[in-house]
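Participant: Take a look and give me a structure for this.
(2 chains)
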Protein chains: 2
Amino acid sequence: MGPGPINAHPRVLRAMSADLLGQFDPEMTRYMNEVMALYRPIFGTDNRWTLLVDGTARAGIEAALVSIVTPGDTVLVVNFGRFGLLLKEILGRIGARIETVDAPWGEVVPLDAIKQAIERSQPKVLATIHGDTSTTMAQPMDGIGALCRDADALLYVDATATIGGMEIAADAWGADIVTGGLQKCLGGSSGSAPITISDRAAALINRRKHIELGLRTGSLDDVDGMIIGSNYFDLGMIMDYWSEKRLNHHTEATTMLYGARECARIMLEEGLAARFSRHRAAGRAMSAGLRALGLALFGDDRFRMTNVTAAYIPQGIEGERVRQRMREDFEIEIGTAFGPLAGKVWRFGAMGYNARKHKILITLGALEAVLRAEGYGCQPGLAVEAALSAWNEA
Amino acid sequence: MGPGPINAHPRVLRAMSADLLGQFDPEMTRYMNEVMALYRPIFGTDNRWTLLVDGTARAGIEAALVSIVTPGDTVLVVNFGRFGLLLKEILGRIGARIETVDAPWGEVVPLDAIKQAIERSQPKVLATIHGDTSTTMAQPMDGIGALCRDADALLYVDATATIGGMEIAADAWGADIVTGGLQKCLGGSSGSAPITISDRAAALINRRKHIELGLRTGSLDDVDGMIIGSNYFDLGMIMDYWSEKRLNHHTEATTMLYGARECARIMLEEGLAARFSRHRAAGRAMSAGLRALGLALFGDDRFRMTNVTAAYIPQGIEGERVRQRMREDFEIEIGTAFGPLAGKVWRFGAMGYNARKHKILITLGALEAVLRAEGYGCQPGLAVEAALSAWNEA
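Facilitator: Okay, here's the model as predicted:
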């Protein structure tokens, strides 16, 4: 019950034990095409180029940024937590000129501030996290895409921590690339990064495309843009691999593809609206229960992610001892925190297969028992009651 | 029965359906430590830094090269097939000054030529493929490490296609980094790249290390080397993640780690000598059987990999029709070819779980039936007989 990785859905685990297929076997390429179709509604997009990067969520982020950002390009980072800093870190290595528009941890960046920052910095790309688990805040996306179009900037969104739990609306947001991971609300295993790429971004990437020696017929001079700094993360090559051309690139991570496919099938069977509603109920119940224990929540209530909630560690209680007792006595993992929040808050996740009523109730009951054993004064029974009632609210 | 990816061992598939663990759960970190210990004998090394890169084999190659090569460094590539060209391609993107010492497809590069090329180019790094499936040749490694030490160059070896099937002797070779993949002779699934790093290479990498904002205490000025161009492939950060420090980087690909661990356990249970001997028998049997069908083999017999064999497509036979019949009538996949060999040879793999007597015999029997149906004249029964007899040779 931490902020991810989480317990995978049992169906996903079973899918990942299926026999392998050759990478150009018609059955395999059919699965690849299915994955493209399955992830379009999950990303809220009609983008043709909706596929998987073979690596963890962080691989998806780097693939997106290295494929659209050329050294010297200005990139504006919407920075409100640790993963905004990660975007800066990756962009720095690419050689981007980085501008930021910041919010303190626990808040989000107002649209007005983003507008001014775009006017000031004239970025080629605006990069933002959707939900940053380090602060538990979700940046509202409305309006950002329009600002980017007006400024002729591309919009990149990292939705690792929200995909599968909160609505992703790549097309409505006007996002050019959105990336995710399986190991949070999609209820899968880390190691595959779903990505969607707008036609506008794909056109830019294809101008920078590189075809491998020994596979291509033309010469290096055919490339009219600046070559992408990574072979593994060259989205142009990855699109060619996922297209009818099936141009050999890496060897598709078959087991992870089976897992990604099953995550998406489960999500679409449940229905997007039902799934988001379930995560909202889980977040509501977790927050209510933690408050009923007398714990103060971290961050702005209005922008809290539905799937992860941070609560201050009470005075006189050792946070790590509580985490250890939770794990050892109850087999429940809860999250620690990073940077300015290290040692100050715990983070409670309710993601994917874990965003279920009984798991929230059991977690809160266990936490109450552990806190009492650690000498924290609270009235037994209130947390579970409050959570149950909050879950059942409309 | 192609040159990989192959059928995974059933135990590996089962391991990959196990429940997930949190990335810092003591059980998970114990598995990570076990993986480090299990892969040392497989790489033939005592290197402390023996771990996994979370991506396909190609991710391991890029992580190795981007972590040790700084833009402008001279790298000498031992080039005898498509994967030598891949090394050049990746190095070009890193900004290396690339020199090559080449052999025609079907041959390997003589040690003398390598010696002269080192003297001529004074490389910082020498990079070579061990076994190149595109040509089915295995470069002899004896003597290359000593030449590199004498020239103060690092030695990088890509063993993707040989690890688990042919001996890897990182320490005896004097190799500084060796990388592999699971999807060939290790009998696993693509998506995890085992890697081993010498202390000498680790020291170089750590001078270029970068600790993420929000995780580190020092400033960027602490870095005295040139920062590695990729965050995801920064082996310094990955080593910190696998060390007792457990500094957060990517979220370990848990399912792939389970798979990598099981591949290694199976290999060590079988025993290295028995495993290499089994692959040698498989290669011998496959070659004998193909020759008994009247097919000419491609490449220099002395340097042929034990786990993949290329045979010329006979005059008048359509290669792709044969591959299709093999797949549709017998559910057996055999390999096509790249570049100068495209349309000229088939490639027959015998890797990991597929390097077994009955699979070789069945493949040859099926091929004979398909070839005869396609109008190729050969005497029935000879191929299987020849293969069985070759398998049983000492």
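Participant: Poorly predicted segments of the stretch 101-250 of chain A, please.
Facilitator: Within the stretch 101-250 of chain A, the stretches falling below the threshold (pLDDT under 70) are A:209-225.
Participant: the helices in it, which residues?
Facilitator: Under the criterion DSSP state H, counting those that start in this stretch, the stretch 101-250 of chain A carries helices at the ranges A:111-121, A:144-150, A:170-173, A:199-207, A:235-242.
Participant: so which of the ones you listed gets nearest residue B:56?
Facilitator: Closest to residue B:56 of the helices of the stretch 101-250 of chain A is helix A:235-242 (CB to CB; 11.4 Å). (Each C-beta comes from the backbone N, C-alpha and C, glycine too.)
Participant: and the closest one, what other elements does it pack with?
Facilitator: Using 3 or more CB pairs under 8 Å, 6 or more residues apart in numbering or on different chains; DSSP states H and E as the contact definition, the elements that helix A:235-242 packs against are strand A:49-53, helix A:57-68, strand A:193-197, helix A:199-207.
Participant: And those: which comes nearest chain B?
Facilitator: When the helices and strands packed on helix A:235-242 are compared by CB to the nearest CB, helix A:57-68 sits nearest chain B, at 4.5 Å.
Participant: what's in contact with the helix or strand that the closest one is followed by?
Facilitator: Following helix A:57-68 in sequence order, the next helix or strand is strand A:74-79 (DSSP states H and E). Residues from elsewhere that reach strand A:74-79 (CB atoms under 8 Å, 6 or more residues apart in numbering or on different chains): A:65, A:69, A:84-85, A:87-88, A:91, A:96-103, A:109, A:114, A:117-118, A:121-129, A:139, A:144, A:153.
Participant: where do the strands sit along chain A?
Facilitator: A:49-53, A:74-79, A:97-102, A:125-129, A:131-132, A:137-138, A:154-158, A:177-179, A:193-197, A:308-312, A:345-349 (DSSP state E).
Participant: from those strands, which stretch is densest packed?
Facilitator: The highest average neighbour count among these, using mean count of other CB atoms under 10 Å in any protein chain shown, belongs to strand A:177-179 at a mean of 30.
Participant: Redo the strands of chain A as JSON lines? Include distance to residue A:335.
Facilitator: Written out in JSON lines, the entries for those read as follows (distance: least, CB to CB, whole Å):
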{"stretch": "strand A:49-53", "distance to residue A:335": "25"}
{"stretch": "strand A:74-79", "distance to residue A:335": "21"}
{"stretch": "strand A:97-102", "distance to residue A:335": "23"}
{"stretch": "strand A:125-129", "distance to residue A:335": "17"}
{"stretch": "strand A:131-132", "distance to residue A:335": "13"}
{"stretch": "strand A:137-138", "distance to residue A:335": "15"}
{"stretch": "strand A:154-158", "distance to residue A:335": "19"}
{"stretch": "strand A:177-179", "distance to residue A:335": "22"}
{"stretch": "strand A:193-197", "distance to residue A:335": "21"}
{"stretch": "strand A:308-312", "distance to residue A:335": "8"}
{"stretch": "strand A:345-349", "distance to residue A:335": "4"}
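Participant: who in the stretch 51-200 of chain A is up against chain B?
Facilitator: Proximity of the stretch 51-200 of chain A to chain B is confined to A:54-59, A:62, A:66, A:82, A:85-86, A:88-90, A:92-94, A:134, A:181, A:183, A:189-192 under the rule CB under 8 Å from any CB of the partner chain.
Participant: buried subset of these?
Facilitator: Among those, the ones that count as buried by 16 or more other CB atoms under 10 Å in any protein chain shown are A:54-59, A:62, A:66, A:82, A:85-86, A:88-90, A:92-94, A:134, A:181, A:183, A:189-192.
Participant: Distance-wise, check residue A:95 relative to residue B:333.
Facilitator: Using CB to CB, to the nearest Å, one obtains 42 Å as the distance from residue A:95 to residue B:333.
Participant: Where is the longest helix in chain A?
Facilitator: Identified as the longest helix of chain A according to DSSP state H is helix A:272-292.
Participant: separation between the closest residue in space to residue A:293 that isn't next to it in sequence and chain B?
Facilitator: Nearest non-adjacent residue to residue A:293, counting by CB to CB, 6 or more residues apart in numbering or on different chains: residue A:383, 4.7 Å away. Taking CB to the nearest CB, to the nearest Å as the measure, residue A:383 falls 23 Å from chain B.
Participant: same deal with residue A:35?
Facilitator: Remark: distance between residue A:35 and chain B (CB to the nearest CB) = 15 Å.
Participant: And for the residue of the stretch 1-150 of chain A found nearest chain B, the neighbour number?
Facilitator: Per CB to the nearest CB, residue A:17 is where the stretch 1-150 of chain A lies closest to chain B, at 3.7 Å. When neighbours are defined as other CB atoms under 10 Å in any protein chain shown, residue A:17 has 20 of them.
Participant: From what I see, it and residue B:17 are in contact.
Facilitator: Yes. With contact taken as CB atoms under 8 Å, residue A:17 and residue B:17 are classed as touching, separated by 3.7 Å.
Participant: residues contacting the most centrally placed residue in chain A?
Facilitator: If you average the C-alpha coordinates of chain A and look for the closest C-alpha using CA atoms, centre = their mean, you land on residue A:160, 0.8 Å from that point. Applying CB under 8 Å, 6+ apart to residue A:160 gives the contacts A:57, A:60-61, A:83, A:179-181, A:184, A:193.
Participant: what's the nearest residue to residue A:13 if we skip its chain neighbours?
Facilitator: For residue A:13, the closest residue by CB to CB, 6+ apart turns out to be residue B:17, at 4.6 Å.
Participant: State the phi and psi torsions of the one you found.
Facilitator: Residue B:17 adopts backbone torsions of phi -100, psi 10, taken as degrees, to the nearest 10.
Participant: Quick check: it vs residue B:117, distance?
Facilitator: 48 Å.
Participant: In the stretch 251-394 of chain A, where is pLDDT below threshold?
Facilitator: Per-residue confidence of the stretch 251-394 of chain A (counting by pLDDT under 70) places the weak regions at A:394.
Participant: Spell out which residues of it are next to chain B.
Facilitator: A:251-256, A:259, A:327, A:333, A:338-339.
Participant: ok, of the residues you listed, which one's closest to residue B:266?
Facilitator: Among those, and counting by CB to CB, the member closest to residue B:266 is residue A:255, at 16.1 Å.
Participant: contacting residues around the closest one?
Facilitator: With CB under 8 Å, 6+ apart, residue A:255 has these contacts: A:16, A:18, A:20, B:13, B:16, B:189-191, B:255-256, B:259.
Participant: Same question for residue A:242.
Facilitator: Residues in contact with residue A:242, defined by CB under 8 Å, 6+ apart, are A:32, A:36, A:49, A:51.
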